[in-house]
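Engineer: give me the fold of what follows.
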Amino acid sequence: MNMQTRSVFSQHLTINTVSEIKKNILATLAYFDAFNYPLTREEVCLFLTVKFERQIFDDALACLMRDRLVFRFDKFYSLKNDQYLVQRRTKGNQKAFEMVKTARRVGNLLIKFPYVRGIAISGSLSKNYADDGSDIDLFIITAANRLWIARTLMHCLKKLTFLVNKQHCFCMNYYIDEQQLEIAEKNIYTATEVVTLIPIQGDTTFADFFTANAWTRNFLPNHIMRVSSAKSEKKSFLKSAVEFLFNNKLGDFLDDNFMKVTIARWDQKTRAKKLNDHGFLLAIAADKHYAKPDPKNFQFNLISRFENKVAQLLEENQHSVAN
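Structural biologist: Numbering: from 1, shown residues only. Purely as a prediction, here's the structure:
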């Protein structure tokens, strides 16, 4: 290949690469625009679904802004030309900062419960956003085959929090155990939820969890998952003693029966079409090794809307994206 041919080939490769980065930038912003959440430049980079070179990224972003496909407000970028979204985010970030402090205090308490091995902040708070209706959503990892004992004891505490109107600080809504650390559903939504978790207790447990979920790199190869934000689990004498008492067939029996009773009660709520505070149908997806909310078709609908939005963007702006 002579120098002239190589130069033409290199230029063609760069143009194609810029085009792909443009598509990825639009897709990334489209995902978060579904939540009315503009991103900083660094955040856009983190959530791209491909590896990239900084110069090519900067060129692609500049082209998108020039063509008014992306709008910049101070340090934030959005597909929507709406200054209010930045004000909303800034206010939400400030509130989240205070709520994360509360979440850490809650984590310091919950890690004392038997069989609890790791606690992380999840939901919108893990994306550094909160508003007046936000809860402190928590992702819990328990010892293998003791999820339901741990969950039952923790939810006894949750019942008491209603007496002092603190229930929104204890939304322990997603449990897995150490025997099944890998998240079964693998898509852009679950990948985003996994990589944005903020571990607050159980650093070694979350190191194992993130290793088991290395598949997230197929969706978000630029995102580094956070383990250093978690404290090491330190078992108290009482916690160790309770676990010793139930590390036997009695513990197996209790765990199995707590699971059956809980699932049966949730099934009743679902059949009765009861709704939670956010208007979602009360439903749970559960087995021996996990317990999580099951808002019917939520993931499917979100991903479907996201994919349709991206397809529409690319179709309407073929020329701008391709050049």
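
Engineer: what secondary structure does Ser134 sit in?
Structural biologist: coil (DSSP: H, G, I helix; E, B strand; the rest coil).

Engineer: and Met172, by the same measure?
Structural biologist: Per three-state DSSP, Met172 ends up strand.

Engineer: apart from its chain neighbours, what residue comes closest to it?
Structural biologist: Sequence neighbours aside, Leu138 is the residue nearest to Met172 in space, at 4.9 Å (criterion: C-beta to C-beta, 6 or more residues apart in numbering). To be clear about C-beta, it is placed using only N, CA and C from the backbone, and glycine gets the same treatment.

Engineer: quick one: pLDDT of that neighbour?
Structural biologist: For Leu138, the model assigns a pLDDT of 97.

Engineer: and it, how many neighbours?
Structural biologist: For Leu138, the count of nearby residues is 26 (other C-beta atoms under 10 Å).

Engineer: did I read that right, it in a strand?
Structural biologist: Yes: secondary structure of Leu138 (three-state DSSP): part of a strand.

Engineer: for it, give the beta-bridge partners.
Structural biologist: Ile121, Met172 (DSSP bridges).

Engineer: ok, it to Glu193 distance?
Structural biologist: 13 Å (C-beta to C-beta, to the nearest Å).

Engineer: joint contacts of these two?
Structural biologist: Both Leu138 and Glu193 are in contact with Ser122, where contact means C-beta atoms under 8 Å, 6 or more residues apart in numbering.

Engineer: circling back: I figured the residue nearest to Met172 hits Ile121, correct?
Structural biologist: Yes: the pair Leu138 / Ile121 is scored as a contact, 6.6 Å apart, by C-beta atoms under 8 Å.

Engineer: contact partners for the closest residue to Asn108 other than its chain neighbours?
Structural biologist: In this structure, Asn108 finds its nearest non-sequential neighbour in Gln201, 7.4 Å apart by C-beta to C-beta, 6+ apart. Shown in contact with Gln201 (C-beta under 8 Å, 6+ apart): Gly107, Asn108, Leu110, Ile111, Val116, Gly118, Ile119, Ala230, Lys231, Glu233.

Engineer: okay if I get those residues as JSON lines plus pLDDT and distance to Leu153?
Structural biologist: JSON lines is the format used below for these (pLDDT from 0 to 100; distance: C-beta to C-beta, whole Å):
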{"residue": "Gly107", "pLDDT": "96", "distance to Leu153": "16"}
{"residue": "Asn108", "pLDDT": "95", "distance to Leu153": "16"}
{"residue": "Leu110", "pLDDT": "97", "distance to Leu153": "10"}
{"residue": "Ile111", "pLDDT": "97", "distance to Leu153": "13"}
{"residue": "Val116", "pLDDT": "98", "distance to Leu153": "9"}
{"residue": "Gly118", "pLDDT": "97", "distance to Leu153": "16"}
{"residue": "Ile119", "pLDDT": "97", "distance to Leu153": "14"}
{"residue": "Ala230", "pLDDT": "85", "distance to Leu153": "21"}
{"residue": "Lys231", "pLDDT": "88", "distance to Leu153": "21"}
{"residue": "Glu233", "pLDDT": "83", "distance to Leu153": "16"}
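
Engineer: just among those residues, which is most surrounded?
Structural biologist: Ile119 (30 neighbours).

Engineer: that one: what secondary structure?
Structural biologist: strand.

Engineer: any idea how far it lies from Ala150?
Structural biologist: For Ile119, the distance to Ala150 - C-beta to C-beta - is 11 Å.

Engineer: could you do Val18 as well?
Structural biologist: From Val18 to Ala150 the distance is 50 Å (C-beta to C-beta).

Engineer: please flag which of the contacts of Gln201 sit within helices.
Structural biologist: Gly107, Asn108, Leu110 (DSSP state H).

Engineer: kindly indicate which of those lies nearest Glu53.
Structural biologist: Of all the ones in helices among the contacts of Gln201, Glu53 sits closest to Gly107, with 38.7 Å by C-beta to C-beta.
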